[in-house]
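Asker: I'd like to go over a predicted model; first the sequence, then the structure.
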Amino acid sequence: MSRRPPARRRPARRPRRRPQQQEHLVGLLLAAVAAIWLVATVVHWLLAHWWILLAAAVLAVVGGIGWWQQQAQRAQWKRAQARALRYGLAQLDALSHQQFEYTIRDLMHRDGCTDAVPVGGQGDLGADVKATDPHGRRWVIQCKHRRHGEQGAAVGTPDLQVLNGTGRPVHKADVVVMVTNGRITQPGRDFARQQRLHLVDRQLLASWAAGSRPLWELLPALPPPRKPSRLS
């Protein structure tokens, strides 16, 4: 039997570039050329009219100076407003407990504690306001607001024991303070003196809130500054 010669393999055809792809490439090329021409035209025009660039630069500088002056004036106004912050006892008595915490924060900020922040709430571990004074000392403040002021329930030893147990060990405070618009019991005062806790009762709060002296100038026996300060 005679064998048939094996069939020859046809060479693989190269895929032809589709006309759509060619059109896409041509479109990209034309777009690139148009962009280069536009940039060159703009640059040439600006070089021919250099005074427009100069005027734009002058306007930008003037506008920047005006914006900076406006921001500086606004910051100065805010500082003046903060320095003028004053509260009377009647205003403090009318606050809610949360508003009282925010007011204490604002007073600390007025005195120069730029990082003063309210942290009170559930699980606050005895801290309602935290702040760092210009001398570098860390403050932890617990606020006890009494709706009826001096006629309300007095702050006693149990409240101060909670503050004493967390102020330094947990919050790492240098100055631990109890602030109230009401009264503090004598046993509570004795405990605070023994544990180096600072008390701001109704009378001291009135002097601080309505005056202009920072709290650290009104409290005795504060720890020494942590760092030099312009107020030192």
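Answerer: Happy to help now that I have it.
Asker: got the buried residues for stretch 87-102?
Answerer: Y87, L89, L92, D93, L95, F100, E101, Y102 (16 or more other Cβ atoms under 10 Å). C-betas here are computed from N, CA, C, even on glycine.
Asker: and which of those is nearest R168?
Answerer: Taking Cβ to Cβ as the measure, R168 lies nearest E101 of the buried residues of stretch 87-102, at 20.5 Å.
Asker: Specify which residues of the protein, grouped into ranges, have pLDDT under the cut-off.
Answerer: 1-19, 72-84, 120-124, 227-232 (pLDDT under 70).
Asker: And the strands in this structure, which stretches?
Answerer: Secondary structure of the chain (DSSP state E): strands at 117-118, 129-132, 138-144, 175-180, 198-200.
Asker: Which one, of these, ends up nearest to P220?
Answerer: The closest of the strands of the chain to P220 is strand 198-200. By Cβ to Cβ, the value is 8.3 Å.
Asker: Okay, buried residues for stretch 44-57 please.
Answerer: Buried residues in stretch 44-57 (16+ other Cβ under 10 Å): none.
Asker: Ramachandran angles for the residue found closest to G112 once you drop the neighbours it is linked to in the chain?
Answerer: Computed as Cβ to Cβ, 6 or more residues apart in numbering, the closest residue to G112 that is not its neighbour in sequence is P134, at 4.6 Å. Per-residue torsions, P134: phi -60, psi -10 (degrees, to the nearest 10).
Asker: Okay, domains of the chain per the record?
Answerer: 21-82, 89-217 (automatic domain parsing).
Asker: and these, which is most packed in?
Answerer: domain 89-217 (a mean of 18; mean count of other Cβ atoms under 10 Å).
Asker: That domain: end-to-end distance?
Answerer: 20 Å (Cα to Cα, to the nearest Å).
Asker: where do the helices sit along the chain?
Answerer: 19-48, 50-83, 89-93, 97-110, 157-167, 186-194, 202-210 (DSSP state H).
Asker: Any chance of CSV for those, columns distance to D128?
Answerer: Formatted as CSV, the helices of the chain follow (distance: least, Cβ to Cβ, whole Å):
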stretch, distance to D128
helix 19-48, 61
helix 50-83, 20
helix 89-93, 15
helix 97-110, 5
helix 157-167, 10
helix 186-194, 17
helix 202-210, 14
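Asker: so which of the ones you listed gets nearest G149?
Answerer: The closest approach between G149 and any of those, judged by Cβ to Cβ, belongs to helix 89-93 at 4.6 Å.
Asker: And the closest one, what does it pack against?
Answerer: Using 3 or more Cβ pairs under 8 Å, 6 or more residues apart in numbering; DSSP states H and E as the contact test, the elements touching helix 89-93 are helix 202-210.
Asker: ok, the residue nearest to the spatial centre of the chain to L215 distance?
Answerer: Central residue of the chain (Cα atoms, centre = their mean): D115, 7.4 Å from the mean position. Distance of D115 to L215, given as Cβ to Cβ, to the nearest Å: 15 Å.
Asker: go on, T185?
Answerer: Counting by Cβ to Cβ, the gap from T185 to L215 is 22 Å.
Asker: returning to what we had before: pick the one among the buried residues of stretch 87-102 closest to I36.
Answerer: Nearest to I36 among those is Y102, at 60.2 Å by Cβ to Cβ.
Asker: I'd say that closest one and V119 touch.
Answerer: No: Y102 lies out of contact with V119 (Cβ atoms under 8 Å); the separation is 11.4 Å.
Asker: Cool, thanks, signing off.
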